[in-house]
Structures are given as C-alpha cells and as structure tokens.
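K.L.:
Provided below are the primary sequence and the corresponding predicted coordinates.
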Amino acid sequence: MSLDLIATSTFGLEAVVARELAVLGYEGRSPQTGRIEFVGNQDAVARTNLWLRSADRVLIRIGRFAARDFETLFEGVQALPWERWIPGR
C-alpha cells in the first residue's frame, strides 16, 4: 500500500532531511518550510522514523481538505476514514 508521508523538520534543515531520505531510498518531493513530502509503504513509516536523524517525526497524510472555519475543520476531520487506521472495538 502506497502512503503519502511527511517528514517534518526544523526550519532550514529541509535539504538535510531530503538527503537522508535519498540515502534510505525515498525521493523527497514538494519541499516546503519545515517539511518534505514523500511516498512509501508501511515499512517506510517505521524505517524513516528510526533512521532519519534530522527529521522531527514522520506523519501519514490520511486526508486533505480546505477548512476556513472551525465547523468545516470539525466536519472534515469527522469525515476522514478513521476506521482504516484505528480499529473499532
């Protein structure tokens, strides 16, 4: 399964994180202030969390939507496929 991943970093370390991703075999794309986006599988989540030295953390993007107010944010978060990531009882 291919996942959209985001490695967050301190401002100014984005290029360092991108190089570390390349050494691990992942191509960083869309570098922005404080983050590098890349694609990987579930193993990539664990591997990059273990071996990226300059990143703060690795996040999984589970959705994307525009939220101009709290109500839209609440509805958007509620509509995300949480059952895919957090099993029910």
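P.N.:
On my side now, so go ahead. Here the structure is a predicted model, which is why all the values come from computation and not from measurement. Residues are numbered from 1 along each chain as shown.
K.L.:
start to end distance for stretch 75-89?
P.N.:
One end of stretch 75-89 sits 23 Å from the other (Cα to Cα, to the nearest Å).
K.L.:
got a list of contacts for that stretch?
P.N.:
60, 62, 63, 65, 67 (Cβ atoms under 8 Å, 6 or more residues apart in numbering). Just so you know, the C-beta spots here come from the backbone N, C-alpha and C atoms, and that holds for glycine as well.
K.L.:
I'd like these as TSV, with pLDDT, secondary structure and distance to residue 13 appended.
P.N.:
Listed next are the contacts of stretch 75-89 as TSV, based on pLDDT from 0 to 100; DSSP: H, G, I helix; E, B strand; the rest coil; distance: Cβ to Cβ, whole Å:
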residue	pLDDT	secondary structure	distance to residue 13
60	95	strand	21
62	94	coil	25
63	94	coil	27
65	95	coil	28
67	95	coil	28
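K.L.:
low-scoring stretches of the chain, by residue?
P.N.:
Per-residue confidence of the chain (counting by pLDDT under 70) places no residue in a weak region.
K.L.:
Could you tell me the end-to-end distance of stretch 68-88?
P.N.:
Using Cα to Cα, one end of stretch 68-88 lies 30 Å from the other.
K.L.:
For the remainder of this discussion, apply numbering that starts at 704.
P.N.:
Right, with 704 as the first residue, what we last looked at is stretch 771-791.
K.L.:
Distance from the chain centre to it, please.
P.N.:
Chain-centre distance of stretch 771-791: 17 Å, with Cα atoms, centre = their mean, to the nearest Å.
K.L.:
just stretch 713-722 next, same as before
P.N.:
Offset of stretch 713-722 from its chain centre (Cα atoms, centre = their mean): 15 Å.
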